[in-house]
Every structure is written in C-alpha cells, then in structure tokens.
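>>> The sequence and its predicted three-dimensional model are supplied below.
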Amino acid sequence: MSAFLVITFSGIALGAIYFLAASGLSLIYGLMDVLNFAHGLFMTIGAYLGWEIATRLPSSFGAPALITLAIVGATLGGAVAAGITELVLIRPLYGKPISQILVTIGLDLAAVGLLMGGFGSTALQIPVPLWLIEPTRIGSMFLPNANFLALGAGVVVLVVLEWFLARTRYGIIIRAGVENREMVRALGIDVGRAFTLVFVIGGAMAGLAGILYAVVFSGDLISPTQGDSLLIFAFIVVVIGGLGSIRGSAVAALVVGLLQDYTSFYIGGHSGWAQIGNLSTVLLLAVVLEWRPRGLFGRVV
Amino acid sequence: MRTWVSRHVGVVIGAVALTLFAVVPFVGVHVAWVLPGTLDIVNSTGTLEVLALCFMFAGVAVGYDLMFGFTGLMSLGPVLYFATGTYVFDIALTRWAWPLWPALLLTFGVSLVLAVVLGAIALRVHGIAFAMVTLAFAQAFFYLIESNPHNLTAGDTGLALSYTRLPSFLSGAVSNTRSLYWLALAFLVVAYAVVWLVSESVTGHVFVAIRENERRLDVLGIRPYRFKLISFVVSSLIATGGGVIYILVIGTAVPSVVASTTVTLSILIMVVLGGAGTRWGAVVGAMVYIYLQQFLDKVSAQPSFTTLPAFLRVPLSEPQFLLGAIFVLFVLFAPGGIAGQVGRFRAWRRVRALTVDASVDQ
C-alpha cells in the first residue's frame, strides 16, 4: 500500500513537470497556431544554464542558494531564448504556420548540435543540496523531497497562470486571442505583443521544466537531447488535454504522469517490458483520439 | 526539336543524370575534395556507399513529398515505416533465417498493416494535431525497438544483418558495393515512378485538392479521409522500401540511427530544402542533404581541422548545427527551396527573353 502511495506521489510530481512543459506549448499553439518544436530546446537551454550557474558560482554560496539561483536562471534563460526566437524567427513568418514549424525544427536541430559540440553528448551532473536527495517521512512512507519541489512548482505556476489569464489585461487579451484572434485585432489591439509575451511565458515554464526534470527525475543529469525527449510527452499531454486549454493540459499531465509511473512500476519490471511506461502514454493518446478527437478540454475545430 | 527539349528540360536532365550515376561504378577518376580523405576516388567503396545512401534517402524523400508536398499532410512519423523496413527485414533474415522473398513479403505486409491502422487513427485529427500524433506513434515504436522485445531487436547494441540467406550478389562483401549501389539507384527510380504515376492520376489530383481546400471537397461529396489514408499508406510503403535498402547497404540497424525522430526531421528537411510538391525537388534536397552531412563529417575529421580556434571548430564540427542553420536560412529567405529558386530563375529568364524579343521587334 505504501509503495502504491509513493508511486502515486511520484506520478503526480512527474505530471507537474509535464504540465510545465506542455502548458506553454498549448498556449502558443492556441494563440498563434504555431507548433513550437524549439520548446524542447528551451527546456535544454534552461537545464544547461542552470548547470553553468550551479557549477561556476563559488561553492561558498552554499548548495541551497546555488540550486535556487540555478532554477531562477533556468527559468529566465528559457524566457529570454523564447523571446528572441519569437522576435527573430517567428515574427517574419506570420501567416505561414508550416514555415513557422519548420523554422523551429531547424533552430532545434542547429542549437542541439551546437550544445553537443560545446558540452559533449555525455550527460553532465548538476550539484544539488543534500536535502533534495533525502526523503521526508510521512507516516510509514518515505517521500522524496525532490518530488515536493516539482509538485510545488507545478501548483504555483498553475495558480499564477490562471490568475494572470483571468485577471490581468494581457492575460485577457491572450485568452481572447485564443478564442478569436481576428476579432481581437479588429478591436485595435496589438496581438503581436501578446505573441511575444506568450512565447516568453512558455519559454520560462519550459526552462523551469527542463531543470526540474533533471533534478527530480534523471538523477541530476542533463544532456543535449533531454528536452527533445521530454517534448514528445509534452505533445502527448497537449493533444490529450485539448490544444489551447491550460486546464486541459493540467488534467492530462496528471493522468499521463500517473499512468506512466504506474505502468512502469507494476509492469515494467518484467523482462522486455521496460518501456511500457512510455508506450502506455501513446496508447492512451490513441484511445483518447478514437473517443474524442478534440481532446479532453479542446474546442470543436 | 529545340522546343521539345526546352519543354521537357526536366526529363532530359533526369535521364542524363540517371545515365551518369548508373555508370559511376565503372569510372575510377580521382576527384580531389569530392569527399576529403580516402574517399575522393569516384568509384571507391566509400563513395559508392555514400551515393547509395543519397539514392535511398532521395527515394524516401520523394515518397514523403507525395504525402507532405502533394496532399498537405505533415506527418512527423515516416521514420516508423522506415524502421519497420529495416527491422522486420533484418529480424526475418537474421533471427529466423528466412529466405529473401518471404522476408520482403513479411516486411511490406507488416508495414501495410501498421500504416493502415495507425494512419486511420492519426487521420482522425487534422493539421498540427496530426503531426503530433504521428510523432508520438513513431516515438512509441522507437521505445519498442529499444526495449528489445523477446530479444528480437538487440536494443541499443544494434542488430547486424546476417547475409547467409541472401543471393550472393547482395551479400555484405565489399565487392558487392556495386550491386548495392545499383539496387539503391533502382529503388529511387521505382519510388519516383510510383510517386509520379500516383500524383498525375485522378487520385493524385484529389490529393492536391485536399491540400488546397479540404472543406470544398467535403462539399463536393468527396470524402477526403480515404484519399488521405491512401496517400499516407503509399508514402509509408516507400519509406519501408528505403528501410530495406538501408539495412542492405549499411548492414546494421541501431535504434538511435534508424528509428529516432532525427530521421523524420532529416526527411522533412530534405523535402523542404529541395522544394515540397515538386518531386524532383525532394530528390535534389535529399542528395544535397546526405552529401553535405557526409562531407562536413569528413571535413571535421581532417587533422588540420583541430588547429582552428574553438569558436570556429566547435560549430563547424557539428554537421547537425550547420544543416539546421542552412535549413533555417532557407525557410526564412528562400521559401520553395531549391526548386522554388530554379522556378524563379526560369520565370525571370522567360520575362527577359520576352522583353528582348519585344525590343528586337521595334
């Protein structure tokens, strides 16, 4: 029973990271019709920037301060990378959705190639404080502290994002743009600025997801292709949740994270089934599409 | 005569190129800088192998063009059918010691079933979602191959092809590189012919109509779904053929090389680089892409290369970076790819010829 609860908790934490990775993607698609292939790159850039900060700064800062700075740096790095991408590469291609996808694919390949050249294709280790590795005891269960970090980040971002979209002027413009971009433009509102803003927000969440995934789930290791493999799951979450829906992404991320953890724990131990966790998420995608092609919370297209 | 040639300039160039490539194995010319290192003799084993890869990918790319360029379906999963070709054929020959023809039949049978079933599911969604779903399926297939089910695929270590049951002219011996080279060229010709025939047929015209305006077809009473599935399946079977050629030429299947998303993105880039929806553009794009990839790889392995300062050496030693950057520049500044530029040049010449004629008349 306690194993089940530990697995559940870890699945929820994984879902929180999927939410961070997917919601920006979903928002970008909902507002701009851009399938942002470079989203994985923003995660990777975040992780590498975090690594640079955590290893380059003097260790006299103390491990907790270093990892905090690394996480903040990763978030900012993802935001800046995404903002530049939008201004330099996406903006000249407005109205050409296929070209926008292609340009993000090219950017992703080029930049991952550059990271491989600069840092090598072998994984690098992020130094983390000891308490992040230790578990906390609740009743008879030992829950990993890193999972609390992921869950906390996911909840905070969800709440802030919901507040931003519901209460602030730009949030309302973004929501209106997702519903009907032409109408917003006809009302004389500069949608272009909202486009950049959505990219920056999405990039920040991607950077955060990139470093948290490394710290929480891959043993503090980062590699140039990590973001791209995380991106696949973000795609799955976005399609299951419904393109353009933040709440859809949150629910789908939770379902996908839990499913992946349960299947890989209970079935993945048997020989030849090691990849069942990853496979089950794709199977879920196929089932959802057969049953409800627009996703759980998606609009009718 | 002159009008026939100028009207069929593409056919003429294609026929000349095909003849030239067909006789390459007999030409022992030494051309410096074709590929640096030991590969600069035109009919050396290494060069023939690189060219065979070019032909194979050109065939796969033109097949992808049928789906992406003509039908407007942006699948991000062609690698699934490519890997099916590689792995099912490899497993049938190596693990089960099947003879050639049953192995081929099984390979294409499995690919057909996968393409029909997965295509039918993925085509329930449109546009971007279709791209994401095909990507997810292909990734699942990658995980499946990597997990080495029933010890069939050998996982990350890779599965080397056993040549014992193959006809002797295809066996892995170096002296057979020529026959493999011609086989790859023949595959390209067949793939091109299939795509040509399909895209010029009535079905092919429906494909283009789907790309241009799917709703209008619905209104006209033509269900686009079945046509999209046909396009998807034909394209996938061509990719499977490419996978079979790949394992024959290279001799080993490794998941990260054969089944990963990188293969999909390469195919997509080849088609866009050459010019989508033009057939010959995909062929040229694939040849340029593979050649550049191999060339850059060889250049960065040169001893003189290591003396460059790091800020030049690091980016230049990564073919992936250079190809990605070139691709970004093409998308931004040369939409329509190589074929688009050629078309623009020909249009410009025609206009110039007309204005010259007009001035002569005066």
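Done, it's in.
>>> doesn't residue B:165 fall inside a helix?
No: read with DSSP: H, G, I helix; E, B strand; the rest coil, residue B:165 is coil and lies in no helix.
>>> Need phi/psi at it.
The phi and psi values for residue B:165, taken as degrees, to the nearest 10, are phi -90, psi 0.
>>> before we move on, what about residue B:126?
Dihedral angles (degrees, to the nearest 10) for residue B:126: phi -110, psi 160.
>>> For it, grab the count of nearby residues.
Residue B:126 has 14 neighbours, counted by other Cβ atoms under 10 Å in any protein chain shown. Every residue, glycine included, has its C-beta placed from N, CA and C.
>>> Just the pLDDT for it.
If you check residue B:126, the pLDDT there is 86.
>>> again, but for residue A:15
At residue A:15, the pLDDT value in this model is 95.
>>> Spit out the contact partners of it.
Counting by Cβ atoms under 8 Å, 6 or more residues apart in numbering or on different chains, residue A:15 touches A:154, A:253-258.
>>> want to throw the residues you listed into TSV with secondary structure, pLDDT and distance to residue B:205?
As requested, the contacts of residue A:15 are exported to TSV (DSSP: H, G, I helix; E, B strand; the rest coil; pLDDT from 0 to 100; distance: Cβ to Cβ, whole Å):
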residue	secondary structure	pLDDT	distance to residue B:205
A:154	helix	94	50
A:253	helix	96	43
A:254	helix	95	46
A:255	helix	96	43
A:256	helix	96	41
A:257	helix	95	46
A:258	helix	95	48
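>>> Quick check: which of those residues are also close to chain B?
Filtering the contacts of residue A:15 for proximity to chain B by Cβ under 8 Å from any Cβ of the partner chain leaves nothing.
>>> Return the closest of the residues you listed with respect to chain B.
Using Cβ to the nearest Cβ, residue A:256 comes nearest to chain B of the contacts of residue A:15, at 11.0 Å.
>>> Provide a list of residues in contact with residue B:229.
Contacts of residue B:229 by Cβ under 8 Å, 6+ apart are B:116, B:119-120, B:123.
>>> That one: which element?
Taking DSSP states H and E as the criterion, residue B:229 maps to helix B:224-250.
>>> ok so, going back, among the contacts of residue B:229, which one has the most neighbours?
Among the contacts of residue B:229, residue B:119 has the most neighbours (other Cβ under 10 Å), with 25 neighbours.
>>> Assess the claim that that residue and residue B:236 are in contact.
Yes: with contact defined as Cβ atoms under 8 Å, residue B:119 reaches residue B:236; the gap is 7.2 Å.
>>> top of the contacts of residue A:15 by neighbour count?
Among these, residue A:253 has the most neighbours (other Cβ under 10 Å), with 30 neighbours.
>>> Residue B:222: helix or strand, and which one exactly?
Assigned by DSSP H and E, residue B:222 belongs to no helix or strand.
>>> ok, and the closest non-adjacent residue to residue B:319?
Using Cβ to Cβ, 6 or more residues apart in numbering or on different chains and skipping the chain neighbours, the partner closest in space to residue B:319 is residue B:296 (4.1 Å).
>>> ok, which stretches of the chain are strands?
I'll assume chain A. With strands called from DSSP state E, chain A shows them at A:124-125, A:135-138, A:141-144, A:221-222.
>>> not quite, I wanted chain B
B:159-160, B:252-253.
>>> possible to save these as CSV with mean neighbour count and mean pLDDT?
Below are the strands of chain B laid out as CSV (neighbours: other Cβ atoms under 10 Å in any protein chain shown; pLDDT from 0 to 100):
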stretch, mean neighbour count, mean pLDDT
strand B:159-160, 20, 91
strand B:252-253, 21, 93
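>>> just so I know, which of the strands of chain A lies nearest chain B?
The closest of these to chain B is strand A:124-125. By Cβ to the nearest Cβ, the value is 16.0 Å.
>>> residues making contact with that closest one?
With Cβ under 8 Å, 6+ apart as the criterion, strand A:124-125 contacts A:48, A:51, A:220-223.
>>> same thing with stretch A:59-72?
A:49-51, A:53-54, A:57, A:126-132, A:208, A:211-212, A:215.
>>> rerun that using 6 Å as the cut-off
A:50, A:53-54, A:57, A:128-129, A:211 (Cβ atoms under 6 Å, 6 or more residues apart in numbering or on different chains).
>>> Using neighbour counts, trim these to the buried set.
Buried members of these, counted by 16 or more other Cβ atoms under 10 Å in any protein chain shown: A:50, A:53-54, A:128, A:211.
>>> pLDDT check: weakest of these?
Within the buried ones among the contacts of stretch A:59-72, pLDDT reaches its minimum at residue A:128, with 81.
>>> Residue numbers of the stretch 201-350 of chain B in contact with chain A?
Contact residues (Cβ under 6 Å from any Cβ of the partner chain) of the stretch 201-350 of chain B with chain A: B:265, B:272, B:314-315, B:317-318, B:320-321, B:324-325, B:327-328, B:331.
>>> which parts of the stretch 151-300 of chain A sit against chain B?
Going by Cβ under 6 Å from any Cβ, the residues of the stretch 151-300 of chain A near chain B are A:232, A:235-236, A:239, A:272, A:274-275, A:278-279, A:282, A:285-286, A:289, A:293.
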